[in-house]
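Asks: turn this into a model:
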Amino acid sequence: MGTSKPCLLALTLAALALAASLQLGSAQPVYGDTPSPPFDPNDPDAAYLFGFPFCRCSDYRCGTTPYKMMRFSEQTLANGNYQVCFNFQDVGCQSGNACCDSILRLMDKIEIQAEKTCSKAVAAVTFAGVNEIGSTHFDTEFTVGKIRITGLNANRATMQSAQLCITIKPPCNSFDVFFDSDKLGQPGIYQYAVFNGGHDCCPVCPKNESICDCISVFEPNTRWRFRYRDSELKGDFNYFSFNIFTVPSDYCLEVNYRPGYCCDQTLEEVEVAIAPQFQDSWWKLAPRYWFFNTDGSIFQSGAISTQHKSDLGLIFKGFNFNTSSVPPGTELVLTLALNATLWNNTDAFPCGQSHLVDEGGICDYLMYGNQIHDGQPVMSPYGDFVPSCCPEGVYLIENPTPYCGCTDNKLESPYRLVMEPQPVTVRGATTYSFRVDTTNPVPPESNAEVDCNGMDLDAVRLYVLPEIANSAAITSVMFNNKTIPMKNITFGNDTYQYWIEIKELGKAKPAIGTSWKLDITVAGAAPPSICAPNALGTGECEYNFFGKFSLKDLEYQCCAHGLSEPTLVSEEPEQCGCDANILATPYRLDYASAAYTRAADATTLNFTLTYDQLDCEPNSACCASDLKSVFIEMDTTAFVSAAVTPAVPGGVTVEKLASGIKLTALFGSANGYDVAVRVSGQKTLASVCGSLSAKDGCKYRLEGGYNVNQPYGCCPTDVTGV
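Replies: Residues are numbered from 1 along each chain as shown. Below is the predicted model of the structure:
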């Protein structure tokens, strides 16, 4: 018994095309003369047409034949023709083998696979010294050609001394060309079948010193499956992972075009196709691989080398699994690391055009293993070669395998995020500083699948204000005093949150007490904090720390999630302690117009709240202030209502005070609004505000802060004017 290599790829691919044509009812007759036995080409059981010798027999096993056809001699004749002669070795029959016994009684026909284009090249055929050219036929209607010598009527005594000689004309005047050795995998190989008198027993044998054959099957004839799992672009590599698994035995039917038991075959080799442009640089395209067992452990990994090159693309071998060691519901996982500079598309694998289907975006695979029947390896009673099984198929890059999630308990991580309280503004850009402190984590839960106590730190995600979550707002990011390349900074959002993610940090867990500094610099206007409001309504930043990347799942196993450590915030200071300089803020409140409505007997005073960074003195801390409230000093005896447009997230609180009105809201930073104040009666700006101001306008105060320790450190004050 031997394990075959993928030598019949071209033959089996062509066989699939024939199978498709049969499904359309377009099969050709088996012979140019009367078929033996007769058959219906539309018969759904006509699967025997899918491989040499393309005829229905009760037994195809090579071990069934009593005669081995051996190449005896070959010569090139004076006229340029080539002659090859074969002898027949009598190996006898196993007791009780009806097929073998029938061939011993009468061997009537020999068929040999041959190159289709050589159909006119046969010059002479003799068997046992008798000219058989008149009984020789060359068939070209199948996926491969074949020459058949019929009516031989040879008994055992004849076969022991008989010799078959074939003379071949140019351009087919060589053994490998005429006998299709390239399709069979290597020079010198040939495939033949011998038939009994009834033509219903036809053992098929590949013949060479190094035998190469396999039973080509497709998914209904094997329990093994190969599917795309996931893909992820990370750092310098584009990772692709694939699932290899089995289906229940009810989903498998044994092959019927030739003898074999491939449903429960072993799995010993796996091949994946790669595109022609990478065939000469396969080790550059895919530098590394990992093979995971059903328990998630790695049983093979390393650099891709010449040992992994195959005609189809890449081959992985040196293992032996069976359908019991990979039962349904479990899977093996193969992960390939592709060079991202050569292939950075995660939505397509560089497999080239499928040989099995015409549609694009579909990839081929091959798998190999030995035949298994009733739990035991299939053995020949004669010690002959037993072909292996080579299931093949296609897969799509779609519907990645769902991942069950990562461990997000912040306390099980050794890292904590600390937000420094005061950003620094320099020449119109503001830097926000954070610390990642290393501390003692709590032990994982007893039933935890992943232990994150020793996780590395590979990525940090901060949930930020919407206006910060884009590449135009972020000018630079530094981690541990090193600038992070912009390619390693990504932005994202969902229905509720926006975030910035700093990736490829690659920091192994350091000693407890170690701190790493994270600095994020924002261009232009900047609030006291870039962090989005969290669910608790406090000032802490929401974040994720990612680590322990799985090459099996192509996901992080640890994703510590929480809020930054509490920052001490002082009580709101008295207003006399804040910066009232109007030149230290980019905000202005301007009066626009007044409109009287006679029916309601009310006047609406319209103001505009504008933002312009040029209105702010350089390097002033309040230039980076947010805006939390607007106070307009006025006579409120006639005040009715106030409105702000566009709508402010969270709404606006309007307070009527003795000295004016106060509008409190999360106005944010760098936003403009219209403010409409409604008073009863027909009023002018002067009548509402004039007596309270040194000018003919309303005095106002804008309140905000430039850091979390001083949330109301800015209170620029001015008069609206007319």
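Asks: switch to C-alpha atoms for all contacts and neighbour counts from now on
Replies: Noted.
Asks: show me which helix or strand of the protein is least confident by mean pLDDT.
Replies: helix 9-23 (a mean of 35; mean pLDDT, DSSP states H and E).
Asks: tell me the first helix or strand C-terminal of that one.
Replies: strand 67-76 (DSSP states H and E).
Asks: give me the contact list for the helix or strand just after that next one.
Replies: Per DSSP H and E, strand 67-76 leads on to strand 82-90 as the next helix or strand towards the C-terminus. Applying CA atoms under 8 Å, 6 or more residues apart in numbering, the contact partners of strand 82-90 are 66-77, 159-169, 173-175.
Asks: buried ones among those?
Replies: For the contacts of strand 82-90, a burial check counting by 16 or more other CA atoms under 10 Å picks out 66-69, 71, 74, 159, 162-169, 173-175.
Asks: and the residue most central in space within the chain, which helix or strand is it part of?
Replies: In the chain, the C-alpha nearest the mean C-alpha coordinate belongs to residue 231, at 2.4 Å (CA atoms, centre = their mean). Assessed by DSSP H and E, residue 231 sits inside strand 224-234.
Asks: mind giving me the packing neighbours of that strand?
Replies: strand 237-246, strand 388-396 (3 or more CA pairs under 8 Å, 6 or more residues apart in numbering; DSSP states H and E).
Asks: centre of the chain to it, how far?
Replies: Computed by CA atoms, centre = their mean, to the nearest Å, the chain-centroid distance of strand 224-234 equals 5 Å.
Asks: so in that sheet, which strands flank it, and in what orientation?
Replies: strand 237-246 (antiparallel) (DSSP bridges).
Asks: got the CA positions of the following helix or strand past the partner strand in PDB?
Replies: Using DSSP H and E, the helix or strand that follows strand 237-246 towards the C-terminus is strand 267-273. Taking C-alpha atoms only, strand 267-273 is exported to PDB below (Å, rounded to 0.1, in the frame of the first residue of the first chain):
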ATOM      1  CA  LEU A 267      -6.100  13.500   5.900                       C
ATOM      2  CA  GLU A 268      -2.400  13.600   5.300                       C
ATOM      3  CA  GLU A 269      -1.900  16.600   2.900                       C
ATOM      4  CA  VAL A 270      -3.700  19.800   2.100                       C
ATOM      5  CA  GLU A 271      -3.100  22.100  -0.900                       C
ATOM      6  CA  VAL A 272      -4.300  25.600  -1.600                       C
ATOM      7  CA  ALA A 273      -4.100  27.300  -5.000                       C
END
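Asks: give me the next element, helix or strand, following strand 267-273.
Replies: In N-to-C order, the element after strand 267-273 by DSSP H and E is helix 282-285.
Asks: that following helix: which residues count as buried?
Replies: Applying 16+ other CA under 10 Å to helix 282-285 flags 282, 283, 285 as buried.
Asks: make a markdown table out of the residues you listed and add pLDDT and distance to residue 688.
Replies: Below are the buried residues of helix 282-285 laid out as a markdown table (pLDDT from 0 to 100; distance: CA to CA, whole Å):
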| residue | pLDDT | distance to residue 688 |
| --- | --- | --- |
| 282 | 87 | 81 |
| 283 | 89 | 81 |
| 285 | 95 | 76 |
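Asks: which residues does stretch 292-301 contact?
Replies: Contacts of stretch 292-301 (CA under 8 Å, 6+ apart): 288, 289, 290, 291, 326, 330, 331, 332, 333, 334, 552.
Asks: between the residues you listed, which sits nearest residue 507?
Replies: residue 552 (20.6 Å; CA to CA).
Asks: where does pLDDT dip in the stretch 351-500 of the chain?
Replies: In the predicted model of the stretch 351-500 of the chain, residues 380-385, 401-404 satisfy pLDDT under 70.
Asks: can you show me the helices along the stretch 401-550 of the chain?
Replies: Taking DSSP state H, counting those that start in this stretch as the test, none of the stretch 401-550 of the chain falls into helices.
Asks: would you map the strands across it?
Replies: 407-409, 415-419, 424-426, 429-438, 459-464, 474-479, 482-483, 489-493, 498-502, 515-523, 542-550 (DSSP state E, counting those that start in this stretch).
Asks: which of these sits closest to residue 338?
Replies: strand 542-550 (15.9 Å).
Asks: and the next helix or strand after that closest one, what other elements does it pack with?
Replies: Per DSSP H and E, the first helix or strand lying C-terminal to strand 542-550 is strand 555-563. Applying 3+ CA pairs under 8 Å, 6+ apart, one finds that strand 555-563 makes contact with strand 407-409, strand 542-550.
Asks: show me the contact partners of the shortest one.
Replies: When you say that, I think you mean strand 407-409. Counting by CA under 8 Å, 6+ apart, residues outside strand 407-409 touching it are 450, 452, 557, 558, 559, 560, 561, 562.
Asks: can we see that at 6 Å?
Replies: With CA atoms under 6 Å, 6 or more residues apart in numbering as the test, strand 407-409 has contacts from 558, 559, 560, 561.
Asks: next: stretch 324-342.
Replies: So stretch 324-342 is contacted by 236-247, 285-286, 288-294 (CA under 6 Å, 6+ apart).
Asks: show the end-to-end separation of stretch 148-163, please.
Replies: End-to-end distance of stretch 148-163 (CA to CA, to the nearest Å): 15 Å.
Asks: need the residues that contact that stretch.
Replies: Taking CA under 6 Å, 6+ apart as the rule, stretch 148-163 contacts 86-87, 104-111, 127-128, 135-137.
Asks: model confidence over it, on average?
Replies: Across stretch 148-163, the average pLDDT comes to 94.
Asks: same question for stretch 242-250.
Replies: Per-residue scores along stretch 242-250 average to 94.
Asks: report the buried residues of it.
Replies: Neighbour-count burial for stretch 242-250 [16+ other CA under 10 Å]: 242, 243, 244, 245, 246, 247.
Asks: export these to a markdown table and tack on distance to residue 609?
Replies: Converted to a markdown table, these look like this (distance: CA to CA, whole Å):
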| residue | distance to residue 609 |
| --- | --- |
| 242 | 57 |
| 243 | 59 |
| 244 | 63 |
| 245 | 64 |
| 246 | 67 |
| 247 | 67 |
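Asks: for residue 189, state which of those is nearest.
Replies: Distances from residue 189 to the buried residues of stretch 242-250, taken by CA to CA, are shortest for residue 244, at 32.3 Å.
Asks: let me see the contact set for the closest one.
Replies: 225, 226, 331, 332.
Asks: could you do residue 128 as well?
Replies: 162, 163.
Asks: what about it, distance to residue 505?
Replies: For residue 128, the distance to residue 505 - CA to CA - is 79 Å.
Asks: which one of the helices and strands packed on strand 224-234 lies nearest to residue 200?
Replies: That would be strand 388-396 among the helices and strands packed on strand 224-234, by CA to CA, at 23.8 Å.
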